[in-house]
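Enquirer: pasted the sequence and its predicted model underneath.
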Amino acid sequence: MSFTPDTLDALVASNSNRRAIWTYTNTDAHADIDADDYFALMGAPARTSKGMKLYDILIYIDTDTATCTIHYVREVDAAGNVSVSIATLS
């Protein structure tokens, strides 16, 4: 499957100086959403349509396996493309 923008929502809104918490639901494995530029929206970056920023937190729910993982925005490149990685909690 691929990115489904309708299931990416800001759980906690933020202003320009604060991080946001997002929820995303899909059937892709959690490792799949960590692929570079997974969050591309029909040729336009997810940042343009949704406002994801560097170091935002993403709570991902894989509905196929009923698992939940926490990720963070690790990169927003010059073109605004968003990439995430699984978060390490300590």
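Expert: Good, I have the coordinates.

Enquirer: contact partners for the residue nearest the centre of the chain?
Expert: Within the chain, the residue whose C-alpha comes closest to the C-alpha centroid is L58; the distance, by Cα atoms, centre = their mean, is 5.3 Å. Contacts of L58 were listed using Cβ atoms under 8 Å, 6 or more residues apart in numbering, and they are I21, W22, T23, Y24, M52, I70, H71, Y72, V73, V84. C-betas here are computed from N, CA, C, even on glycine.

Enquirer: check Y72 too.
Expert: With contacts defined as Cβ under 8 Å, 6+ apart, Y72 is in contact with Y55, D56, I57, L58, V84, S85, A87.

Enquirer: go again using 10 Å as the cut-off
Expert: R19, L54, Y55, D56, I57, L58, V84, S85, I86, A87, T88 (Cβ atoms under 10 Å, 6 or more residues apart in numbering).

Enquirer: in space, what's closest to it - neighbours in sequence excluded?
Expert: Leaving out its chain neighbours, the residue that sits closest to Y72 by Cβ to Cβ, 6 or more residues apart in numbering is A87, at 4.9 Å.

Enquirer: what's the lowest-pLDDT member of the contacts of Y72?
Expert: Checking pLDDT across those, the minimum falls on T88 at 76.

Enquirer: pretty sure that one contacts I70?
Expert: Yes. In terms of Cβ atoms under 10 Å, T88 counts as a neighbour of I70; the distance is 9.3 Å.

Enquirer: neighbour count: those two, which is higher?
Expert: More crowded of T88 and I70, by other Cβ atoms under 10 Å: I70, with 14 against 7.

Enquirer: sorry, back to before: hmm, the residue nearest to Y72 is touching H71, no?
Expert: Yes. Under the criterion of Cβ under 10 Å, A87 is in contact with H71, at a separation of 5.7 Å.

Enquirer: which one's more surrounded, the two?
Expert: Between A87 and H71, counted using other Cβ under 10 Å, H71 has the larger neighbour count: 20 against 14.

Enquirer: would you mind finding the longest strand in the chain?
Expert: With secondary structure taken from DSSP state E, the chain has its longest strand at strand 67-76.
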